[in-house]
Structures are given as structure tokens and as C-alpha cells.
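Peer 1: Turn this into a structure:
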Amino acid sequence: MKNLKNNIPVMLLILFEITVGILLLVNPEAFTAAVITCFGIVLLAIGIVYLIRFIREKKESDKASILTLVLAVISLAVGCVCAFLTNWVMGLFAVVAVVYGVILIVSGIYKAKTYFDIKKENLPVSVITLVSAILSIVLGIVIVVNPFTATNFLWIFAGISLIVEAVVDFVAVIMNVKPKKQAD
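Peer 2: Below you'll find the predicted structure:
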């Protein structure tokens, strides 16, 4: 029983992983929007705290920290964007996906060129290099053509990964909680 009590934080983490995993599987867009909005609210609170701190420092002496004011303004600005323009921030994910897709395509082309250059020199090279190049190009094209589907797939994959991680953690906890055989 004592071992089980020692694992309460781990069990809470497992419940959190399962909950987030299920939410990502059920509705990844709504979950992402909620996380971004919450992040924005937290940043707004941090910005307000820094702004109050700056105003108090200014009243006490003329040497108020400009860094505190800068942190307040940045936190408030990013917080407002995240809290009130959630869909716009989510659209940035698609932009990031497109940039990643382009990087994959360029990387695939470079890998293919390297493969053929090595082949031309009659040096040993694995065909896996060419397969990797082709996969990079194909995946890059798929992501560039439809970044929203790629983003949703990524969230679904993250949800599945969290659930699997939770199951593995749970099995590990159960294996560690089993009563140890006492020597006679």
C-alpha cells in the first residue's frame, strides 16, 4: 500500500496523459484552441503582474526597470493574440507545416542528388538513402498540398502516443507495486 501511495504523482500524470490523449483524438482542433486560449490568458495575467510591478517600481524610484515594462508589453500583446485570435494562431500551425513540407522537399532533393553523385563515383551507397529521399519528397509534397490534414494527423498521432505512454507507465507502476517476496 505504501508503494501505491508513493506513486500517486505518477498515477495523476497517467490520468492526465490519458485525458489529453483522448481529447486530442476526439477533437484535436477544439483542444488546440482551448490550449492556445488558456496560454493567452496565462500570458495576460503575467503581463498584468509585470505591469503592476513596473508601476510600483516607478512610484518608489525613478529607476524602474525598462525590462519589466518590455516583458509586460510583450506578455500582454502575445496574450491578447492567443486569447482573442485563437483561430489566427491555429492558422500559423498550417504555415509552419508548409514551411516544414518545403524543408522536407529540399532535403529529399539533396539526399537524392547525394545518392546519385556517390553512385556516379562508383562508391558504395545504400539504396536506403534513395528511399529516404523519395519519402522526404513525397511527404513534403503531401504536407505542402494539404497542411491542415497534416496538422490534424500530427495531433491524432500525439494523442495516440500519449495514451500508449500512459498505458506503459501504468504497467510499470503496477509491476513496481507488486508486493515483494520476503525472504524466510
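
Peer 1: only C-alpha atoms for contact and neighbour calcs from this point on.
Peer 2: Noted.

Peer 1: Show me the shaky parts of the chain.
Peer 2: 1-4, 62, 64, 177-184 (pLDDT under 70).

Peer 1: Show me how the record splits it into domains.
Peer 2: Listed by automatic domain parsing, the domain ranges of the chain are 1-84+152-176, 93-145.

Peer 1: mind putting the ones you listed in CSV, mean neighbour count included?
Peer 2: Output for the domains of the chain, formatted as CSV (neighbours: other Cα atoms under 10 Å):
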stretch, mean neighbour count
domain 1-84+152-176, 17
domain 93-145, 17
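
Peer 1: the helices in this protein, which residues?
Peer 2: Taking DSSP state H as the criterion, the chain carries its helices at 2-6, 8-26, 28-60, 66-84, 86-120, 127-145, 147-177.

Peer 1: if I pick the closest residue in space to Val42 that isn't next to it in sequence, what's in contact with it?
Peer 2: Spatial nearest neighbour of Val42, chain neighbours left out: Gly79 (7.2 Å); criterion: Cα to Cα, 6 or more residues apart in numbering. By Cα atoms under 8 Å, 6 or more residues apart in numbering, the contact list for Gly79 reads Phe39, Gly40, Ile41, Val42, Leu43, Leu44, Gly47.

Peer 1: and which of these is nearest to Gly101?
Peer 2: Using Cα to Cα, Phe39 comes nearest to Gly101 of the contacts of Gly79, at 26.7 Å.

Peer 1: mind listing what the closest one touches?
Peer 2: Gly79, Cys82, Ala83.

Peer 1: Ile143 now?
Peer 2: Ala97, Val98, Tyr100, Gly101, Thr149, Ala150.

Peer 1: May I ask you to confirm that the third one is in contact with Leu139?
Peer 2: No: counting by Cα atoms under 8 Å, Tyr100 stays clear of Leu139, with 10.0 Å between them.

Peer 1: so can I have a markdown table of the contacts of Phe39 showing distance to Leu12?
Peer 2: Output for the contacts of Phe39, formatted as a markdown table (distance: Cα to Cα, whole Å):
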| residue | distance to Leu12 |
| --- | --- |
| Gly79 | 28 |
| Cys82 | 28 |
| Ala83 | 28 |
